[in-house]
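**Student:** The following comprises the amino acid sequence and a computationally predicted model.
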Amino acid sequence: MDALPEGILDVQSPDEFESAFAAMTRVGASTLFVLTDASMLERHVSDIVTLALQHRLPAMYPWRTYPDAGGLMSYSMSLTDAYRRGATYVDKILWRQWSPPRSHVANSQRRVAPLVQ
């Protein structure tokens, strides 16, 4: 585990989870923000959520699977919507012979109202 500036911990393996949470508790961390690493973290969602709860660290996670496992909250795009949009484009291109415009930017179908106007 490498300590990076501004209280960032770089955990390289699941064996380092316990020591990372102990270090956060020792320095008085008040929150936890988990960045995603699909090759390691996504296989240990329940371990990370359990440790955050044991150490009483409110945490924000990168995907909904963490709150579904008991974590506090996540902030990310909806993977279900992204996969659905992707499938729509595959259908249009392969089966309907549609050619996407060169400068096309896909907009999310879900709109979020601004907090302050």
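**Tutor:** Good, I have the coordinates. Numbering: from 1, shown residues only.
**Student:** How many residues are close by V90?
**Tutor:** The number of residues packed near V90 is 10, by other C-beta atoms under 10 Å. For glycine as for every other residue, the C-beta is placed from the backbone atoms N, C-alpha and C.
**Student:** what separates stretch 77-97 from the chain centre, distance-wise?
**Tutor:** Here the centre of stretch 77-97 is set off from its chain's centre by 22 Å, with C-alpha atoms, centre = their mean, to the nearest Å.
**Student:** If you could redo that for stretch 81-99, that was the one I meant.
**Tutor:** Distance, centroid of stretch 81-99 to centroid of chain: 25 Å (C-alpha atoms, centre = their mean).
**Student:** Tell me where the chain is predicted with low confidence.
**Tutor:** 1-6, 38, 99-117 (pLDDT under 70).
**Student:** what ranges do the helices span in it?
**Tutor:** In chain order, the chain shows helices spanning 17-27, 45-54, 65-68, 79-95, with DSSP state H as the criterion.
**Student:** and the angle for the second one with helix 17-27?
**Tutor:** On the basis of axes from the mean of the first three to the mean of the last three C-alpha atoms, to 10 degrees, helix 45-54 is oriented at 20 degrees to helix 17-27.
**Student:** Which other helices and strands does helix 45-54 contact?
**Tutor:** On a contact count with 3 or more C-beta pairs under 8 Å, 6 or more residues apart in numbering; DSSP states H and E, helix 45-54 meets helix 17-27, strand 59-61, helix 65-68.
**Student:** Kind regards, and thank you for your time.
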